[in-house]
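Peer 1: Coordinates only, no sequence provided:
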């Protein structure tokens, strides 16, 4: 099973739309977003994705009521999922994860730093897809995760 990950979209609609189109082109039906959507108008773009969206709040998601109106599945992290027989931990920031939750996860997906991190260690994959918005680094990035192989590939849009 392949899933898409985008984070720190920060209301940049063209980047969100470009990543979601790439995910659709790849035939992905599940995506993860560990927060910092920011405003409900950007959440509306995410809500149009024709598959399953798992999403947590980030530290810049101040309009929580409005976001919840558009994305009723949004949660405070950590969000623990089971996808393709893998234990997945989704949270905005790695440092916000409790050690026992980290230890139980096959896949840990975070955002917050706007820095790409794809790291395998001791049978666990840690993924931060960087920033979809491109505001800090100038790169609009996301990731595609192969849950069977427990590996990830970085993708870049709007280069």
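Peer 2: In hand now; what should we look at? Every value quoted in this text rests on a predicted model; they were computed, and no experiment measured them. Residues are numbered from 1 along each chain as shown.
Peer 1: tell me, which helix in the chain spans the most residues?
Peer 2: The helix of greatest length in the chain, counted in residues with DSSP state H as the criterion, is given as helix 13-25.
Peer 1: Tell me the helices and strands packed up against the next helix or strand after that helix.
Peer 2: Per DSSP states H and E, helix 13-25 leads on to strand 30-33 as the next helix or strand towards the C-terminus. If you count contacts as 3 or more C-beta pairs under 8 Å, 6 or more residues apart in numbering; DSSP states H and E, strand 30-33 packs onto strand 2-5, strand 52-55. Just so you know, the C-beta spots here come from the backbone N, C-alpha and C atoms, and that holds for glycine as well.
Peer 1: Out of these, flag the one nearest residue 108.
Peer 2: Go through the helices and strands packed on strand 30-33 one by one with C-beta to C-beta and the one that ends up closest to residue 108 is strand 2-5, at 11.1 Å.
Peer 1: can you list contacts of the closest one?
Peer 2: Contacts made with strand 2-5 from outside it, assessed by C-beta atoms under 8 Å, 6 or more residues apart in numbering, are listed as 19, 22-23, 26-28, 30-34, 83, 109, 127, 129, 142-147, 152.
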